[in-house]
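A.B. asks: need coordinates for the following:
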Amino acid sequence: MKRMAILVYLFMTIWIIADYSTPGETIEKPTQINQEDSQLFETFSSQTTSVVLHPENFSYLGAFRLPDDGDRPNTFAYGGEAMTFNPSGDPNGPSDGFPGSLFVMGHNRIPYGELPDGNKVAEINIPVPMKSNLVTHLNQAEFLQPFLNIDTGFFSNLDEIPRVGMQYLDNPATGPIIHITWGQHFQEDSAFMVPSQAWFATDLSSPNMQGSWYIGNQSFYSTNDYLFEIPLEWAKQYLGGLPLATGRFRDGGWSGMGPCLFAYCPWIDDYGTPADSGSRLEEKVLLLYESSLNTPDVTRCLNGYQHGDEWTGGAWITTQSGKSAVLFAGTKSCGDLYWYGYLHPDGPEYACVEKEFIGQFTLCRLADGTPYPDERSAVCSNPTSNRGWWSSRFNARFILYDPMDLAKVATGELESYQPQPYAFLDIDDHLFLNPTGIELEMLGLGVQRRYRLGDITYDRANGLLYVLELFADEAKPVVHVWQIK
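C.D. replies: Below you'll find the model as predicted:
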């Protein structure tokens with residue numbers, strides 16, 4: 001904790017405040033519209049193709065519980081960092097419209113030797129999702145493969161708040177394997193500047209990990225969290241066949257002031273020969289906003305950006321009807337006020353900044369980026385939370401990008417910071433939102449609840465989006481399911 005505090009002192013001075021618009025852009029602030037089944041969405045005025053996916057194409061189907069297996073690390077409690085869909089999984093399962101299986105990551109590692117063997121992976125079946133106000137009424141998945149270590153000898157130093165993504169990919173060159181990316185909260189020290197990408201076998205008892213590799217010379221804060229498949233024909237047309245997309249959003253804008261995305265391929269020939277360990281893989285930038293580590297200015301950012309944003313999962317959506325979108329999921333900081341510090345005991349309309357930093361930089365801002373008139377008045381004597389980025393409101397949210405905007409970045413027609421979401425979908429109405437009230441100092445309460453979503457994954461053949469809601473079944477996630485048409 002002492003090391004973390006020192007790093008916060010060193011880097012907080014270059015965290016900057018974001019605005020609702022990017023200079024030179026003409027996108028207007030959206031208008032909220034009510035839709036059926038209580039889903040809320042907002043659309044931006046944006047030039048998009050006629051085949052992009054829209055929020056009305058999402059139908060909520062329900063949720064299901066994850067199975068139990070025992071004490072940590074063999075539990076999904078405090079897990080959900082990574083998940084991927086396996087279309088070939090559970091071949092003997094029922095024909096219930098939810099084929100395949102899910103690989104899901106369990107309890108996170110804990111640093112300083114407390115839990116070095118966390119982040120184990122298990123494979124589960126997919127039961128029929130149900131709509132219920134009670135988690136205990138949901139169907140529960142079963143194990144197909146138990147929790148196993150897949151990373152022995154890899155990523156051994158990356159234990160402090162791990163950031164991990166997985167993607168099942170059955171490419172003709174390699175056959176079915178699971179790609180993985182791995183990082184942690186702080187990665188400035190040389191001991192943590194290790195390669196971030198690898199792959200392993202779907203038989204978790206014999207993972208045969210291959211790698212690991214860097215994504216070019218990109219920042220670790222931009223490359224090692226979510227990971228997903230790029231549709232093969234799109235990749236061939238615009239990316240020279242690069243089949244995978246990886247990225248990360250790091251709070252405070254260290255990664256870039258919005259979600260990042262890079263395309264890459266970790267094998268070197270048609271036979272699936274892995275690149276040499278330690279290689280810097282060629283990457284194509286698809287989305288990269290300005291990093292707050294590079295400039296004190298608010299510029300080249302996601303519209304509506306705030307430092308407390310959390311983008312934790314991504315998927316490249318295509319449908320049988322020909323619609324498409326690149327979707328990011330997370331917990332959006334969208335309050336009228338946001339700050340670095342703590343929760344105020346008197347309610348969400350009050351900020352509670354870290355008083356030790358007053359006078360060194362701006363700790364508290366209004367939603368439009370305007371500094372709070374007098375930060376000294378935002379100090380409270382009895383804060384009720386852990387320290388971090390807080391907002392007067394958070395929403396669980398999907399944001400949708402037009403893939404053609406990313407194609408224009410790949411071909412040089414747009415700068416990497418120019419694409420903006422053309423729509424977003426708020427999903428809190430379908431979440432359980434920590435019904436047992438655990439870890440309130442870390443998570444927050446009510447509209448100030450952080451860390452609502454974990455990873456997501458997509459069944460392309462059946463148009464099913466699987467989304468992890470964190471801390472929904474006591475400390476375990478649950479899996480929510482949307483049909484996309």
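A.B. asks: now the end-to-end length of stretch 299-319.
C.D. replies: Using CA to CA, to the nearest Å, the end-to-end distance of stretch 299-319 comes out at 34 Å.
A.B. asks: report the contact partners of residue 187.
C.D. replies: Shown in contact with residue 187 (CB atoms under 8 Å, 6 or more residues apart in numbering): 158, 193, 220-221. Using the backbone N, CA and C atoms, a C-beta is placed for each residue, glycine as well.
A.B. asks: which residues of the stretch 151-300 of the chain score low on pLDDT?
C.D. replies: Low-confidence segments of the stretch 151-300 of the chain, defined by pLDDT under 70: 298.
A.B. asks: center of the protein, which residue is that?
C.D. replies: Most central in the chain under CA atoms, centre = their mean is residue 312, positioned 1.1 Å from the mean C-alpha point.
A.B. asks: wouldn't residue 256 be in contact with residue 294 here?
C.D. replies: No - contact between residue 256 and residue 294 fails when scored by CB atoms under 8 Å: they sit 9.2 Å apart.
A.B. asks: ok, the two, which is more surrounded?
C.D. replies: In terms of neighbours (other CB atoms under 10 Å), residue 256 is the more surrounded of residue 256 and residue 294; the figures are 29 against 15.
A.B. asks: just to revisit the earlier point, out of the contacts of residue 187, which are buried?
C.D. replies: Neighbour counting with 16 or more other CB atoms under 10 Å marks 158, 220-221 as buried within those.
A.B. asks: could you dump those to JSON lines with secondary structure and distance to residue 125?
C.D. replies: Converted to JSON lines, the buried ones among the contacts of residue 187 look like this (DSSP: H, G, I helix; E, B strand; the rest coil; distance: CB to CB, whole Å):
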{"residue": "158", "secondary structure": "coil", "distance to residue 125": "30"}
{"residue": "220", "secondary structure": "helix", "distance to residue 125": "35"}
{"residue": "221", "secondary structure": "helix", "distance to residue 125": "35"}
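A.B. asks: closest to residue 389 among the residues you listed?
C.D. replies: Nearest to residue 389 among the buried ones among the contacts of residue 187 is residue 221, at 14.7 Å by CB to CB.
A.B. asks: show the subsequent helix or strand relative to the helix or strand harbouring residue 316.
C.D. replies: Assessed by DSSP states H and E, residue 316 sits inside strand 310-318. Next helix or strand after strand 310-318 toward the C-terminus (DSSP H and E): strand 324-333.
A.B. asks: so which elements touch that next one?
C.D. replies: The criterion is 3 or more CB pairs under 8 Å, 6 or more residues apart in numbering; DSSP states H and E, and the helices and strands that strand 324-333 contacts are strand 310-318, strand 394-401, helix 403-410, strand 453-459.
A.B. asks: and the helices in the stretch 1-150 of the chain, which stretches?
C.D. replies: Secondary structure of the stretch 1-150 of the chain (DSSP state H, counting those that start in this stretch): helices at 2-11.
A.B. asks: residue 484 and residue 454, how far apart?
C.D. replies: Distance of residue 484 to residue 454, given as CB to CB, to the nearest Å: 19 Å.
A.B. asks: quick one: which of the contacts of residue 187 is nearest residue 336?
C.D. replies: Ranked by distance to residue 336 (CB to CB), the contacts of residue 187 are led by residue 221 at 27.6 Å.
A.B. asks: correct me, but the closest one touches residue 257?
C.D. replies: No - counting by CB under 8 Å, residue 257 is not a contact partner of residue 221; they are 11.8 Å apart.
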